[in-house]
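Participant: Here is my input; please provide its structure:
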Amino acid sequence: MSTQHDQIFAQPQRVSDFRFDDKVAAVFPDMISRSIPGYAEILSTLGQLAHRFVTPGSKVYDLGCSLGAASIAMRRGIRHDDVKIVAIDNSEAMIRRAEEHLQAFVSAVPVELHCADIRAVDISDASMVVLNFTMQFLAPEDRDALIAKIYAGMRPGGLLVVSEKLNYRQPKIHQLLDDLYLDFKRGNGYSELEISQKRTALENVMKPDTLETHQARFAAAGFSESEVWYQCYRFASMIAIK
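Facilitator: Numbers count the residues shown, from 1 in each chain. Next up, the predicted model:
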């Protein structure tokens, strides 16, 4: 289970839409740690939240699980032995590597890995659901239905965690936070070529929402409370409680 240095966009190339394929899966831990500010803190807090919110006999869902980092973090915090984590991703390459990652961490909490579309998966008896930088890759018209489905499948008092890149309605604020984020990537060793080519690859695939859109979506689904608990530049993690 080796992790490679992310050099996917290091050479000039004809850029196509970003895909979570074998090439990305092989470098994903390096890519995400250098691309998302606060990623380690978000994972650590998922464990703390799981400790507080996961209830006996319930299910926990990791939707868009990639290599299983969120599942591993939640495993550490779950204190009940009759809980199951259901981890889902539509990338076969990610699921294959997630199996390796999960096997490397001994835990009494079982994780069921499924290669599937999260929009087609039933949610039931959930005490915690996590979408960690996942929803931004779904078609915008599918997002309301997904959050409504999650709400319907959660236990009262259950917790939803949604981490996303955000857009901002105020153009000067948006530009400032975007500039600071690009400086963050430069500081982590990405070249101007890599930054430019990856942005091109993502522009048709990743469609961020505003914070107001997320909050309205949570409220429309029925969540009684929601708030941002972490933010750095254009990246935020939100919680909503049923």
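Participant: nearest residue to Asn90 other than its sequence neighbours?
Facilitator: Sequence neighbours aside, Asp117 is the residue nearest to Asn90 in space, at 5.2 Å (criterion: C-beta to C-beta, 6 or more residues apart in numbering). (Glycine included, C-beta is placed from N, CA and C.)
Participant: measure that neighbour to Gln136 for me?
Facilitator: 16 Å (C-beta to C-beta, to the nearest Å).
Participant: With neighbour numbers in mind, choose between these two.
Facilitator: When Asp117 and Gln136 are compared on other C-beta atoms under 10 Å, the one with more neighbours turns out to be Gln136, at 21 against 12.
Participant: I'd say that one and Thr213 touch.
Facilitator: No: taking contacts as C-beta atoms under 8 Å, Gln136 lies outside contact range of Thr213: 11.3 Å.
Participant: in this structure, which spans are strands?
Facilitator: All strands of the chain, identified by DSSP state E, fall at 59-63, 84-89, 111-115, 126-132, 154-167, 209-210, 225-232, 235-241.
Participant: how about low-confidence regions in this structure?
Facilitator: Scanning the chain with the threshold set as pLDDT under 70 gives 1-3.
Participant: Just give me the residue closest to the centre of it.
Facilitator: The chain has Asn132 as the residue nearest its centroid, 1.6 Å off, counting by C-alpha atoms, centre = their mean.
Participant: how close does the closest residue in space to Lys198 that isn't next to it in sequence get to Arg52?
Facilitator: Nearest residue to Lys198, sequence neighbours excluded (C-beta to C-beta, 6+ apart): Phe9, at 4.9 Å. Phe9 sits 39 Å away from Arg52, going by C-beta to C-beta.
Participant: ok, now which ones touch Asn10?
Facilitator: Heads up, residue 10 is Ala, not Asn. By C-beta atoms under 8 Å, 6 or more residues apart in numbering, the contact list for Ala10 reads 191, 193-194.
Participant: One more pass at 7 Å, please.
Facilitator: 191, 194 (C-beta atoms under 7 Å, 6 or more residues apart in numbering).
Participant: Also Ser124?
Facilitator: Going by C-beta under 7 Å, 6+ apart, the list of residues near Ser124 reads 59, 153.
Participant: circling back to that earlier point, could you double-check that the residue nearest to the centre of the chain lies in contact with Lys165?
Facilitator: No: counting by C-beta atoms under 7 Å, Asn132 does not reach Lys165; the two are 11.8 Å apart.
Participant: Report the contact partners of the residue nearest to the centre of the chain.
Facilitator: Neighbours of Asn132 in contact, by C-beta under 7 Å, 6+ apart: 64, 70, 163.
Participant: what does Gly68 give?
Facilitator: So Gly68 contacts 87, 98, 101-102, 111 (C-beta under 7 Å, 6+ apart).
Participant: separation between the closest residue to it other than its chain neighbours and Tyr39?
Facilitator: Using C-beta to C-beta, 6+ apart and skipping residues adjacent in sequence, the residue nearest Gly68 is Ala98, 3.9 Å away. According to C-beta to C-beta, Ala98 and Tyr39 sit 16 Å apart.
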